[in-house]
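A.B. asks: Fold the stuff below for me.
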Amino acid sequence: MKAQLVSALALFMLLNACQAPQEPADRLQQPTTSIIVYVTPTPIPTLVPTAVRFQPTETPEIIEAEQSNITAANCEAALAAHYAAASDSCLAGPTGYFCNGGLPPKVDPASDALSAPAALAEADQIERLQSPPLSAGKGGGLLWLRLEKNILMDALIIGGVNISNRVSAETGLARWRSITIESASAASDCGAMPSVGALVVQGLYGQTASVFINGVATEINGTLIVLTQADTTKFIAIEGNILLVAFGQSVTLNVGEQLNLRYEPGDWNRPAQLPGQPVLLEYELIKHIPIRLFDRPVPIPQPGYAQTQGGVNMRVAPDINSRLLFQVPAGETMGILGISSDGEWLHIRFGNGDTGWMSAELLAGRQGQIHDVYDITPEPPQRYGDYAHRATVNVPRGGNLRAAPDTAFRVKRTLPSGTVVKLLARSPYSPWVKVETEDDTGWMALFTLKTEAVISSLPIDYDVPLPPRATPTPSFSFGGGHAYPDPEGGY
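C.D. replies: Here you go, the predicted model:
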């Protein structure tokens, strides 16, 4: 894999130099899965040459906040209102388009296609885009770029970012597979706001996005934050594993790590140095990134990661007497979300989104300062708006609402096709969700519903009864699965 990535990078640099029968509705058979599913790079990278060199970008313009009644006390609520409006505008945007969720960006070639919230513009028709920095008073830039069909990638532009396409139309290659970005600082009117513009790139769930960012080949199976400060690009892994290649040298980022690369002033086309070793992520730099805007919400991890050296029990709470979820085998790498107040337990997260508590003294890895301390397990982050919990029955004969998450339990009623339900929780052992109707509550097989909710962001109901018949060991793959944009296609 590394050799293929190196070849891709070499081609990139060369071209750059040379050119400017139908089962019952809820009888879903559980597939055979490995005990733990987590995110790793795929073995086949995609060649991503580019054939155009642009002049170094201008420094993004800093747009000052309007004089308004924004104060330290109400700025967080103002930001949340901006974020929620942006999510409502662009959550269900189509692939192949930019969607504007904030203030109008500057676009090249000049166009007013993105001048209003919820406006769409074909990605293939845009070469450069400059989004305004965030401000609690004005809002700022929030844009989505979805390229699921040809790059398997979703991107979110947060705040002041100057982003440019580096793939010429003449090559016949997918546009925006090679890009440069440059960040601008945010207006300093709210402490709950990201301090600098950033690009968040997510590979589709369980798949790898291959893209060049500032001249670095990236294999993203998870979630990567990219931003620039002064003459440095910072690649920050917050989910899964990220493979980076620059000048033929590869670096793998575990969750909780980042790679800093220096560039010549104003030129983000290629690094000015060989890649060094990863460092612990800068938590203070990214802790205010609005994760509920992501297409797949991901909690910001603590600096570093944890690893199992032998079998370690994972529990639902930081207590030896709490429910045992699973014994995690040796060799697993996990992100760290927080630590218990007594320092004896780590709250960890797998690449598929499942979380639990493990004894800190039984875990190895690379750990920095843990900033988040708590004893009550927080619920996973969910996106803004009704989409986060809304689903529709999507089987012609209706879907069975059952007393618990398995076909062995009694049918309470059958909900007609088209019935809208509210998602409440997910099963700990099967691909089922707990739903609420206007006058009832029960469980439905996930594939009987059409939804744009991220199922891994629903809380797990550990109090459901086990089916009377023998069942497989609970699998992380079920808990980590989700249904965006729908259960049939998956995301």
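A.B. asks: Need the nearest residue in space to T223, chain neighbours excluded.
C.D. replies: Spatial nearest neighbour of T223, excluding adjacent residues (Cβ to Cβ, 6 or more residues apart in numbering): E239 at 3.8 Å. Any C-beta I mention is one placed from the backbone N, CA and C, and that applies to glycine too.
A.B. asks: For that neighbour, give its distance to G331.
C.D. replies: 19 Å (Cβ to Cβ, to the nearest Å).
A.B. asks: With neighbour numbers in mind, choose between those two.
C.D. replies: Between E239 and G331, counted using other Cβ atoms under 10 Å, the more crowded position is E239 (28 against 10).
A.B. asks: Assumed that one was part of a strand.
C.D. replies: Yes: according to DSSP: H, G, I helix; E, B strand; the rest coil, E239 belongs to a strand.
A.B. asks: which residues does it contact?
C.D. replies: Counting by Cβ atoms under 8 Å, 6 or more residues apart in numbering, E239 touches 39, 202, 222-223, 255, 298, 301, 335, 351.
A.B. asks: can you tell me which of those are in strands?
C.D. replies: Counting by DSSP state E, the contacts of E239 place 202, 222-223, 335 in strands.
A.B. asks: Most neighbours among these, which one?
C.D. replies: Counting neighbours by other Cβ under 10 Å, G222 comes out on top of those with 29 neighbours.
A.B. asks: Just to check, that residue is in contact with G240?
C.D. replies: Yes: between G222 and G240 there is a contact at 1.9 Å, judged by Cβ atoms under 8 Å.
A.B. asks: So the chain: which segments form each domain?
C.D. replies: 2-293, 304-367, 389-480 (automatic domain parsing).
A.B. asks: weakest of those by average pLDDT?
C.D. replies: With a mean of 80, domain 2-293 has the lowest mean pLDDT of the domains of the chain.
A.B. asks: quick one on the thing from earlier: export the contacts of E239 as JSON lines, with columns for distance to G96.
C.D. replies: Formatted as JSON lines, the contacts of E239 follow (distance: Cβ to Cβ, whole Å):
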{"residue": "V39", "distance to G96": "25"}
{"residue": "Q202", "distance to G96": "16"}
{"residue": "G222", "distance to G96": "23"}
{"residue": "T223", "distance to G96": "21"}
{"residue": "V255", "distance to G96": "29"}
{"residue": "V298", "distance to G96": "23"}
{"residue": "P301", "distance to G96": "31"}
{"residue": "G335", "distance to G96": "31"}
{"residue": "G351", "distance to G96": "27"}
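A.B. asks: for these, which one is nearest T180?
C.D. replies: Among those, Q202 lies closest to T180 (Cβ to Cβ), at 19.2 Å.
A.B. asks: What's opposite that closest one in the beta bridge?
C.D. replies: Beta-bridge pairing of Q202 under DSSP bridges involves D154, T223.
A.B. asks: and the closest residue to P105 other than its chain neighbours, what does it touch?
C.D. replies: Nearest in space to P105, with sequence neighbours left out and distances taken as Cβ to Cβ, 6+ apart, is S131 at 4.4 Å. Applying Cβ under 8 Å, 6+ apart to S131 gives the contacts 102-103, 105, 140-143, 157, 159-161, 163, 197.
A.B. asks: Out of those residues, which is nearest to I70?
C.D. replies: G140 (12.5 Å).
A.B. asks: That closest one and L134 touch, don't they?
C.D. replies: Yes: between G140 and L134 there is a contact under Cβ under 8 Å: 3.5 Å.
A.B. asks: Specify which residue of these two has the higher count of neighbours.
C.D. replies: Of the pair G140 and L134, L134 is the one with more neighbours under other Cβ under 10 Å, namely 34 against 27.
A.B. asks: got a list of contacts for the helix or strand where G442 lies?
C.D. replies: In the assignment (DSSP states H and E), G442 maps to strand 441-445. Residues from elsewhere that reach strand 441-445 (Cβ under 8 Å, 6+ apart): 25-28, 393, 399-405, 407, 409, 412-413, 415, 421, 424, 427, 431-435, 464.
A.B. asks: Flag every buried residue along that strand.
C.D. replies: 442-445 (16 or more other Cβ atoms under 10 Å).
A.B. asks: now do stretch 363-371
C.D. replies: Neighbour-count burial for stretch 363-371 [16+ other Cβ under 10 Å]: 363, 365-368, 370.
A.B. asks: go on, stretch 78-98?
C.D. replies: Of all the residues in stretch 78-98, those buried under the rule 16+ other Cβ under 10 Å are 78-79, 82-83, 85-91, 93, 96-98.
A.B. asks: which two from those residues end up farthest apart in space?
C.D. replies: A78 and G96 (32.3 Å).
A.B. asks: where do the strands sit along the stretch 301-450 of the chain?
C.D. replies: In the stretch 301-450 of the chain, the strands defined using DSSP state E, counting those that start in this stretch lie at 304-308, 312-315, 324-328, 333-339, 345-349, 355-359, 363-367, 390-393, 399-402, 411-415, 420-426, 432-436, 441-445, 449-451.
A.B. asks: now D372, nearest residue through space, not along the chain?
C.D. replies: Residue nearest to D372 in three dimensions, not counting chain neighbours: G338, with 3.9 Å by Cβ to Cβ, 6+ apart.
A.B. asks: Hmm, Y97 and D124 touching each other?
C.D. replies: No: counting by Cβ under 8 Å, D124 stays clear of Y97, with 9.4 Å between them.
A.B. asks: Distance check, the closest residue to S340 other than its chain neighbours against E344.
C.D. replies: Take S340 and drop its neighbours on the chain: the residue closest to it by Cβ to Cβ, 6+ apart is P318, 3.9 Å away. The gap separating P318 from E344 is 7 Å, by Cβ to Cβ.
A.B. asks: same deal with L143?
C.D. replies: L143 is 43 Å from E344, by Cβ to Cβ.
A.B. asks: Can you pick out the residue with more neighbours from these two?
C.D. replies: Between L143 and E344, counted using other Cβ under 10 Å, the more crowded position is L143 (26 against 14).
A.B. asks: For the more buried one, which residues are in contact?
C.D. replies: Applying Cβ under 8 Å, 6+ apart, one finds that L143 lies in contact with 90, 98-102, 105, 114, 129, 131, 156-157.
A.B. asks: Does I179 belong to a helix, a strand or coil?
C.D. replies: strand.
A.B. asks: For beta bridges, what are the partners of it?
C.D. replies: Beta-bridge partners, per DSSP bridges, of I179: N165, I213.
A.B. asks: Show me what I236 is bridged to.
C.D. replies: I225, Q258.
A.B. asks: just use 28 as the starting number from now, easier for me
C.D. replies: Okay, residue one is now 28; in that scheme the one you just asked about reads as I263.
A.B. asks: still on that earlier bit, let me see the contact set for the residue nearest to S367.
C.D. replies: Contacts of P345 (Cβ under 8 Å, 6+ apart): 367, 369, 371-372, 374, 384, 402.
A.B. asks: 10 Å instead?
C.D. replies: P345 makes contact with 365-374, 383-387, 401-404, according to Cβ atoms under 10 Å, 6 or more residues apart in numbering.
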